[in-house]
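>>> any chance you can model this:
(chains A and B)
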2 protein chains.
Amino acid sequence: MTYAAPIADIRFALEACAGLWRVKAGGGFEDLDGEILTAVLEGVGALSGDVLAPLNASGDREGVRLSNGAVFAPAGFREAYAQFAGAGWQGIVASAEHGGQGMPRAVGLAAHETVHSANMAFGLAPMLTLGAIEALEAHGSEEQKRVYLPKLVSGAWSGTMNLTEPQAGSDVGALQARAVPVGDGSFRVTGQKIFITWGDHDLAENIVHLVLARLPDAPTGSKGVSLFLVPKFLPDANGSPGRANAVRCIGVERKMGIHGSPTCTMGYEGATGWLIGGENEGLAMMFTMMNSARINVALQGVAVGEAAYQKTVAYAHERLQGRGEGAPAKGASPIAMHADVRRMLMTMRALIQAGRAICYSAGVEADLAQSGADDDVRRAARARADLLVPIAKAWCTDRGVEIASLGVQVHGGMGFVEDGGAAQFYRDARIAPIYEGTNGIQAIDLIGRKVAGDAGEAMNLLIAEAREVSHGCASSGRPRLARIGLRLAAAANTLQEATAWLLATYAGARRDALAGADAYLRLAGDVAASTFTGRGLLVADAVAVEAQETPALFFAETILALAPSRLSAITLGADVLFEADLGENAA
Amino acid sequence: MTYAAPIADIRFALEACAGLWRVKAGGGFEDLDGEILTAVLEGVGALSGDVLAPLNASGDREGVRLSNGAVFAPAGFREAYAQFAGAGWQGIVASAEHGGQGMPRAVGLAAHETVHSANMAFGLAPMLTLGAIEALEAHGSEEQKRVYLPKLVSGAWSGTMNLTEPQAGSDVGALQARAVPVGDGSFRVTGQKIFITWGDHDLAENIVHLVLARLPDAPTGSKGVSLFLVPKFLPDANGSPGRANAVRCIGVERKMGIHGSPTCTMGYEGATGWLIGGENEGLAMMFTMMNSARINVALQGVAVGEAAYQKTVAYAHERLQGRGEGAPAKGASPIAMHADVRRMLMTMRALIQAGRAICYSAGVEADLAQSGADDDVRRAARARADLLVPIAKAWCTDRGVEIASLGVQVHGGMGFVEDGGAAQFYRDARIAPIYEGTNGIQAIDLIGRKVAGDAGEAMNLLIAEAREVSHGCASSGRPRLARIGLRLAAAANTLQEATAWLLATYAGARRDALAGADAYLRLAGDVAASTFTGRGLLVADAVAVEAQETPALFFAETILALAPSRLSAITLGADVLFEADLGENAA
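Alright, predicted model coming up:
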């Protein structure tokens, strides 16, 4: 067994914790029901397990190859991609009008979870294509939609996002790529972009690059950035890939992980492109795309954790060593019978459960923000989704690294050996806290735009929900759930206190607030996870409760229990950081 | 700059925190003083920085090569080893009688810290040789000492430890290698050993393998294990390497990190060996060696963290991005001026400081256990050292992984790119929680042998010292130190409560105690670190205080502050672990 989609766990998160079925209240998604959801998950899960997972280790070993500006994916990826696209999985959430299945994004997320678990390097290709689809659906001209969307939705063509330049990483506004109007509606795009995921490859017949660049006389900084569509091959009159455009891959990175995914340096030398949306509105559009991509990356943290967990649980039941405290007979027992090994396995499981609850909640709220029954529903969902995005992205990807590291640890010496299979998850997982906005950027986004930016309204609503769930748990008559409720109540109080401090501090002493941003995000994530899991446990059926209650209790007693003590790090302030010598004397 | 030995930080840990100079009270080490200590650290530090550090990345890229049973280290390692040995650094702690410098072990540790920071893969070779030296000094026959010790102490020959077999990892007693007496005092050793660090290589002219094997009719399990000395080349009449022995490397592992260090599968096919110590006493002797090796591995966690910190601080002062809250002017500033980046740098620094305080305290106590002025001093030091060994090994190596991971994060995208230089530390650091007894084994050792085993006496003395230091800090009249004192007092109370629960639980409900062992070790490490650092701050001079007080305060307010909340995880019990389905249904 390499990977089997954990359909029951995903459905618990999606339906019970995140409340998926609320998306139907707006009148859309009429055909979707539990049976169809299961069919989707089983279908894509089977492809992930049978086709993508077997290529994960080989793709890691082989890596990608750059030859004369053309990138070749590892053996088998091209055929696997053809199966993935051929089955229609690229288009799950795209509108039916352009050939998609029109499912909620949250269902698309669930499908992507299985892909990322099976093969995170591979999963980045459809993830980036989805970003391009969403950008064109929201901001593309009718012509752009007509020419590009059907190709992207079918997976015949893939998409990329081109933001980063050597001097412009987290500070996207510092980018220098230029776009000059030709006069016929097109532009000549020139510049160099780095860290472009799947920037070139041999899986699809064409690649649609979305490129941030500056128009002549554009304002400096982030206000002068526009978004351009630059195809690898210019579509001919029939819409097929025609003449090669002036864009090529001029290097691929030698990375610690996701070796099967080409990370390209792209050179644009007067490449033909077209403006998407309005002039100088590129960054706002990119942020819309990024909100979606960030939930997807958050889910990568969960997904790589799930893959590590499945591998590790299997090993822990095979590997005989010592006599575990849970072992019935004398002699060597599986290491899964040792209390400390179970502690590690349970931690992995509890963190995965928690991360799923956050990610799918963010996904369902993002759906409701678009298709909710009325303005109030949509507005509330938008605020909740905006609040959850940075929490999901940072919390789940940091936990993904922890889970993968625990997987290595359970494997012992075999965990450090590449052929043992656990090491790759530890290496792959490490990118997720970095890309799509580092987790530090997420923490700044959370306390600035998402908490201080709306005077704490969205956060206070989350805290109120945490209390409501904790009351529900406490009065449920179920002993384990009641214990979860107690921990959640205490943590919600701490989160309220921290939020009040943050709101009082942010305006006048911003750097003090920023010094505690990471610790605040951690606390908010712990509370959100337990709130959504608790919500799920209150409504789930007996079978789901049997499987899900114990990890949720373990999470509450070993992780959420630390919440009251986190206030100290949140409110410490920045003086201690700025007074200390952190390399200043040497620099 | 690649690496510069942090001599002031090491001296603070060694002298102020660990109380190095107590070792002179027993009458030994007469020639050692502050000047000589500095000279040693500067000397070995210069070799580490100038010779070993430049080979770290190249050794990682190149790795080792196995050809016809012979292993070749990466380019430059052989010459570097010759310099290391030629300068006498292998023999720092060995007795003068066999060519050593007779320094305290704690000073040897400090020298090794710089080696591990500069090049962890390289550092394993002298570390294993030191283990062989210590084993022979303590248990070897006069003949064995005469033939082997001068060669090992000079570094002309190197040493290995051969414990693990495919079915015998954490459960060493399950090993099956056999040793049959020949009749002339020698034995024929047969079996296969795995994960043998520097099991074969081209750095030294001979290799002295210490091999655990069973004599005919030995008792089963760990009581039937004896220790054998098996040289790669049998010494001739002049003591030079003569005829090749029947031992060879039959494979090297493809590992996630420490690529410059060969991890060998060793085949013994009737190899000639000699018994060390008594029959069936191998495991006890191995444990003596392991106590020493475990402190060394603990220090590897600190050392790889220090290397990551130095690399990361330098990058954070070079890399311009955005305008930091601490930046004076407009425009892009070094990322070290951002509060959240400083939070990560400070966390790294605080964890390194804490780890050093634990490791050097353990080292000085191990010295005092041997050379203390009287029996009482020696007995107390032995108990303290025994208590600290598992804490040091697990706490410092887990923190080493965290520190290296933070280093990757500060580097952003460059952290995930292998040529960025941060990724190697993240990969290398991951082995330390695994080898020399996994950190789970350390936690079990702590609560079983070290706490329950002496009815909590040694731990209660540590708690008493924590309180004494916290009182000293509180009444010091120094505001930062007073805040540290408050956090330490609260944490010591929690540790006392946890210890009482553990002692009450261990005998009757062992698996409940084991379920909390990891969380208990974490708490004990946090308290020990702050106790020893606080002790140091109370006696250090103004220059040291200026440099060390802020990281210690940061540690207290952001990490030690979590202590009171850790009780929940410690006392949770094992039912929640053993009732849950952790792969049982699938297995």
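
>>> alpha carbons only for contacts and neighbour counts from here, please
OK.

>>> now A:Pro216. Nearest residue, chain neighbours left out?
A:Val180 (6.4 Å; C-alpha to C-alpha, 6 or more residues apart in numbering or on different chains).

>>> likewise A:Arg379?
Using C-alpha to C-alpha, 6+ apart and skipping residues adjacent in sequence, the residue nearest A:Arg379 is A:Ala369, 6.4 Å away.

>>> what's the helix or strand where the one you found lies packed up against?
If you go by DSSP states H and E, A:Ala369 is part of helix A:339-371. Here helix A:339-371 touches helix A:105-118, helix A:282-318, helix A:375-411, helix A:517-539, helix A:542-558, helix B:510-515, helix B:575-579, going by 3 or more C-alpha pairs under 8 Å, 6 or more residues apart in numbering or on different chains; DSSP states H and E.

>>> A:Met414: which element?
A:Met414 belongs to helix A:413-416, assigned by DSSP H and E.

>>> do that helix and chain B meet at all?
Yes. Against chain B, helix A:413-416 shows contacts by C-alpha under 8 Å from any C-alpha of the partner chain at A:Gly413, A:Phe416.

>>> next one: phi and psi at the residue of chain A most remote from its centre?
Each residue of chain A has a distance to the centre, and by C-alpha atoms, centre = their mean the biggest one is for A:Lys330: 45.2 Å. Main-chain torsions, A:Lys330, degrees, to the nearest 10: phi -70, psi 170.

>>> and the residue nearest to it when sequence neighbours are not counted, how many neighbours?
Leaving aside its chain neighbours, A:Lys330 sits nearest to A:Arg323 (6.9 Å; criterion: C-alpha to C-alpha, 6+ apart). A:Arg323: 18 surrounding residues under other C-alpha atoms under 10 Å in any protein chain shown.

>>> what about A:Arg323, which SS state?
coil (DSSP: H, G, I helix; E, B strand; the rest coil).

>>> need the contact list for A:Ala244.
When contacts are counted by C-alpha atoms under 8 Å, 6 or more residues apart in numbering or on different chains, A:Ala244 touches A:Lys232, A:Phe233, A:Leu234.

>>> most neighbours of all these, which one?
In terms of neighbour count, A:Lys232 stands highest of the contacts of A:Ala244 at 26 neighbours, by other C-alpha under 10 Å.

>>> I figured that one hits A:Asn245, correct?
Yes. Contact status for A:Lys232 versus A:Asn245: in contact at 5.4 Å, counting by C-alpha atoms under 8 Å.

>>> for the residue nearest to A:Lys330, which residues are in contact?
A:Lys330, A:Gly331, A:Ala332, A:Ser333, A:Pro334, A:Ile335, A:Met337, A:His338.

>>> what residues does the stretch 101-250 of chain A put near chain B?
A:Gln167, A:Ala168, A:Gly169, A:Ser170, A:Asp171, A:Phe195.

>>> can you give me the neighbour number for A:Gln90?
For A:Gln90, using other C-alpha under 10 Å, the count is 28.

>>> and if you look at A:Arg566?
Neighbour tally, A:Arg566, other C-alpha under 10 Å: 25.

>>> could you report the pLDDT at the one residue in the stretch 201-350 of chain A that gets nearest to chain B?
Closest contact between the stretch 201-350 of chain A and chain B, by C-alpha to the nearest C-alpha, is at A:Lys255 (4.3 Å). A:Lys255 carries a pLDDT value of 98.

>>> equivalent analysis for A:Leu229, please.
For A:Leu229, the predicted pLDDT is 98.

>>> try A:Thr2
pLDDT for A:Thr2: 84.

>>> for the residue lying closest to it once chain neighbours are set aside, grab phi and psi.
Residue nearest to A:Thr2 in three dimensions, not counting chain neighbours: A:Ala53, with 6.4 Å by C-alpha to C-alpha, 6+ apart. A:Ala53 adopts backbone torsions of phi -60, psi -40, taken as degrees, to the nearest 10.

>>> hang on, A:Ala53 packs against A:Met120?
No. Look at A:Ala53 against A:Met120 with C-alpha under 8 Å: they stay out of range, at 9.3 Å.

>>> what do these two both touch?
With C-alpha under 8 Å, 6+ apart, A:Ala53 and A:Met120 have no common neighbours.

>>> more crowded one of those two?
Per other C-alpha under 10 Å, whichever of A:Ala53 and A:Met120 has more neighbours is A:Met120, with 29 against 26.

>>> was I right to think that one contacts A:Val304?
Yes. At 7.1 Å, A:Met120 and A:Val304 qualify as touching, with contact defined as C-alpha under 8 Å.

>>> reformat the contacts of A:Ala244 as CSV; add secondary structure.
CSV is the format used below for the contacts of A:Ala244 (three-state DSSP):
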residue, secondary structure
A:Lys232, coil
A:Phe233, strand
A:Leu234, strand
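
>>> any chance of these in a markdown table, with pLDDT and distance to A:Asp184 too?
Converted to a markdown table, those look like this (pLDDT from 0 to 100; distance: C-alpha to C-alpha, whole Å):
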| residue | pLDDT | distance to A:Asp184 |
| --- | --- | --- |
| A:Lys232 | 98 | 19 |
| A:Phe233 | 98 | 18 |
| A:Leu234 | 98 | 15 |
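
>>> could I get the residues you listed as JSON lines with distance to A:Gly477?
What follows is those, written out as JSON lines (distance: C-alpha to C-alpha, whole Å):
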{"residue": "A:Lys232", "distance to A:Gly477": "61"}
{"residue": "A:Phe233", "distance to A:Gly477": "64"}
{"residue": "A:Leu234", "distance to A:Gly477": "65"}
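
>>> from chain B, how far out is the closest residue to A:Ala563 other than its chain neighbours?
Distances taken as C-alpha to C-alpha, 6+ apart place A:Ala491 nearest to A:Ala563, at 5.2 Å, with adjacent residues excluded. The gap separating A:Ala491 from chain B is 11 Å, by C-alpha to the nearest C-alpha, to the nearest Å.

>>> any idea which element A:Ala491 lies in?
helix A:479-506.

>>> and that helix with helix A:542-558, angle?
Using axes from the mean of the first three to the mean of the last three C-alpha atoms, to 10 degrees, the inter-axis angle of helix A:479-506 relative to helix A:542-558 is 50 degrees.

>>> so which elements touch helix A:479-506?
So helix A:479-506, by 3+ C-alpha pairs under 8 Å, 6+ apart, packs with helix A:457-474, helix A:510-515, helix A:517-539, helix A:542-558, helix A:567-570.

>>> so which bits of stretch A:43-59 are buried?
Of all the residues in stretch A:43-59, those buried under the rule 16 or more other C-alpha atoms under 10 Å in any protein chain shown are A:44-57, A:59.

>>> can you check stretch A:564-578 too?
A:564-574, A:576-578.

>>> alpha carbons only: can I get that stretch in PDB?
Extracted C-alpha coordinates of stretch A:564-578, given in PDB (Å, rounded to 0.1, in the frame of the first residue of the first chain):
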ATOM      1  CA  PRO A 564      -3.500  29.900  28.100                       C
ATOM      2  CA  SER A 565       0.300  30.000  28.400                       C
ATOM      3  CA  ARG A 566       0.800  31.400  24.900                       C
ATOM      4  CA  LEU A 567      -0.300  34.900  25.900                       C
ATOM      5  CA  SER A 568       3.200  35.700  27.200                       C
ATOM      6  CA  ALA A 569       4.900  35.200  23.800                       C
ATOM      7  CA  ILE A 570       2.100  37.200  22.100                       C
ATOM      8  CA  THR A 571       2.300  40.200  24.300                       C
ATOM      9  CA  LEU A 572       6.100  40.200  24.900                       C
ATOM     10  CA  GLY A 573       6.700  43.200  22.600                       C
ATOM     11  CA  ALA A 574       9.500  44.000  20.200                       C
ATOM     12  CA  ASP A 575      12.000  45.800  22.500                       C
ATOM     13  CA  VAL A 576      13.600  42.500  23.500                       C
ATOM     14  CA  LEU A 577      14.100  41.800  19.800                       C
ATOM     15  CA  PHE A 578      15.400  45.100  18.700                       C
END
